[in-house]
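Engineer: Sequence and computational prediction follow.
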Amino acid sequence: MKRLLWAAMASAMPVPAIADTLYVSNERGDSVSVIDGATRTVLATWDVGGRPRGITVSKDGRYVYLCASLDHAVQVIDRVSGKLVAELPSGEDPEQFSLSRDGGTLFVANENDAALTAIDLSSRTVAFQVAVGGEPEGVAQSPDERWVAVTSEEDNVVTWIDLSTRTAAGETATEMRPRHVEFTADGRQLWIAAEIGGVVQIADVASRTITDTLRFEIEGVAAHRILPCGIRFTHDGKTAIVALGRADHVALVDVASRKVRAYVPVGRRVWHVAVSADGRHAYSANGLSNNVSVIDLDMAKVVGTVPVGSAPWGIAIAP
């Protein structure tokens, strides 16, 4: 009887939220802020290379990978100690990257080289390089591992790299200054944030053509301040979270209808966003207010703010 009573009580208890650890690259501070998602406090600040931007966590959770743009390297940092383990030969001015599905390759956009560099993480050497458009920044690998899409801010195109041949298979023209790309979980769509164009464009992956363009209107915010940058999808794939730059808002977009569900005011000059492991919250890196906003996705409102270093840009999460 006691065992049954305990089982009934346990099933009625709320499931505790999963505590995240956040890693935020501070572009002007040459640092990474480590944040405890449960207490929303900074646990540590790591000194890193010059102008840190793209950031992610290795599949095994041991390392943080970081684009140190001014050092022309991807830094490998031990998550426990915060110590630099290695610098990977990434090419000139790495901006962002995408970690392969198997965790064995980093696909790095090199702005000065106008190239995508693929780094083999087991050997920590360059596996191959592919020329792309001018000023590449956004990078994403498709779920079926066939494509890597790379944005070109200068040429206003997305280059499609066929991983089976390691060559560029074509380009898709976009609105001005595409900065970030994300594939939907089913791999059928590529969402493209065109910053100066002020829009998010959706490309059909099968045809590699633009099929829809999403525009944003925020009461009291001038259109020229709406500058889409980072995009992340919630884990269920139903909502796209779009950072709108100098509009100081993120948009919550229903993926199926492609309609904005809500605009959420955050800090100033929001660059990139991330989604908590439990899917309840999003976090935004706010470059001009030097903080991270914690967004409750159900309520569509900010429920916390964490001060970080100077000019936070990228943000990654590990449980």
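Structural biologist: Noted; the coordinates are in hand.
Engineer: confidence score at residue 19?
Structural biologist: Turning to residue 19, the model gives it a pLDDT of 75.
Engineer: On the three-state scheme, it is what?
Structural biologist: Under DSSP: H, G, I helix; E, B strand; the rest coil, the three-state class of residue 19 is coil.
Engineer: pretty sure it is touching residue 41, no?
Structural biologist: No. Assessed by C-beta atoms under 8 Å, residue 19 is found out of contact with residue 41, at 11.9 Å. (Glycine included, C-beta is placed from N, CA and C.)
Engineer: distance of the closest residue to residue 96 other than its chain neighbours from residue 95?
Structural biologist: Using C-beta to C-beta, 6 or more residues apart in numbering and skipping the chain neighbours, the partner closest in space to residue 96 is residue 54 (3.8 Å). To residue 95, residue 54 is 6 Å away according to C-beta to C-beta, to the nearest Å.
Engineer: Residue 219 too?
Structural biologist: Distance from residue 219 to residue 95, by C-beta to C-beta: 33 Å.
Engineer: Comparing the two, which residue is more hemmed in?
Structural biologist: residue 95 (25 against 5; other C-beta atoms under 10 Å).
Engineer: secondary structure element for the more buried one?
Structural biologist: Residue 95 belongs to strand 94-99 when assigned by DSSP states H and E.
Engineer: ditto for residue 24
Structural biologist: strand 21-26.
Engineer: Describe which strands that strand pairs with in its sheet and in which direction.
Structural biologist: strand 31-36 (antiparallel), strand 312-318 (antiparallel) (DSSP bridges).
Engineer: CA atoms only: put that strand into CSV for me.
Structural biologist: Coordinates of each C-alpha in strand 21-26 appear next as CSV, following Å, rounded to 0.1, in the frame of the first residue of the first chain:
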residue,chain,number,x,y,z
THR,A,21,24.2,26.1,-18.6
LEU,A,22,24.5,29.0,-21.1
TYR,A,23,27.6,30.1,-22.9
VAL,A,24,27.6,33.6,-24.2
SER,A,25,30.2,35.1,-26.5
ASN,A,26,30.9,38.7,-25.7
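Engineer: list the contacts for residue 187?
Structural biologist: For residue 187, the contact set (C-beta atoms under 8 Å, 6 or more residues apart in numbering) comprises 142-144, 205.
Engineer: Show me the contact partners of the helix or strand where residue 56 lies.
Structural biologist: Residue 56 is part of strand 52-57, with elements assigned from DSSP H and E. Strand 52-57 has contacts (C-beta under 8 Å, 6+ apart) with 23-27, 30-32, 63-69, 75, 79, 94-97, 99, 108, 313-318.
Engineer: how far off strand 31-36 does it point, in degrees?
Structural biologist: Computed by axes from the mean of the first three to the mean of the last three C-alpha atoms, to 10 degrees, the angle separating strand 52-57 from strand 31-36 equals 40 degrees.
Engineer: partners of strand 52-57 in the sheet?
Structural biologist: In the sheet, strand 52-57 lines up against strand 63-68 (antiparallel) (DSSP bridges).
Engineer: Can I get the partner strand in CSV, CA atoms only?
Structural biologist: Extracted C-alpha coordinates of strand 63-68, given in CSV (Å, rounded to 0.1, in the frame of the first residue of the first chain):
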residue,chain,number,x,y,z
TYR,A,63,34.1,21.3,-25.0
VAL,A,64,32.9,24.7,-26.1
TYR,A,65,33.8,25.6,-29.7
LEU,A,66,34.2,29.3,-30.3
CYS,A,67,34.9,31.5,-33.4
ALA,A,68,37.7,33.9,-32.3
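Engineer: separation between the closest residue to residue 59 other than its chain neighbours and residue 184?
Structural biologist: Nearest residue to residue 59, sequence neighbours excluded (C-beta to C-beta, 6+ apart): residue 103, at 3.0 Å. As judged by C-beta to C-beta, residue 103 and residue 184 stand 21 Å apart.
Engineer: quick one: which of those two has more around it?
Structural biologist: residue 184 (17 against 12).
Engineer: can I assume that one is in contact with residue 231?
Structural biologist: No. Counting by C-beta under 8 Å, residue 184 sits too far from residue 231 to count as a contact (10.5 Å).
Engineer: Overlap in contacts, those two.
Structural biologist: Jointly contacting residue 184 and residue 231 under the rule C-beta under 8 Å, 6+ apart are residue 191.
Engineer: quick one on the thing from earlier: which of the contacts of residue 187 are buried?
Structural biologist: 142, 205 (16 or more other C-beta atoms under 10 Å).
Engineer: can you give me the helices in the stretch 1-150 of the chain?
Structural biologist: 2-12 (DSSP state H, counting those that start in this stretch).
Engineer: Low-confidence ranges, it, go.
Structural biologist: For the stretch 1-150 of the chain, the stretches flagged by pLDDT under 70 are 1-18.
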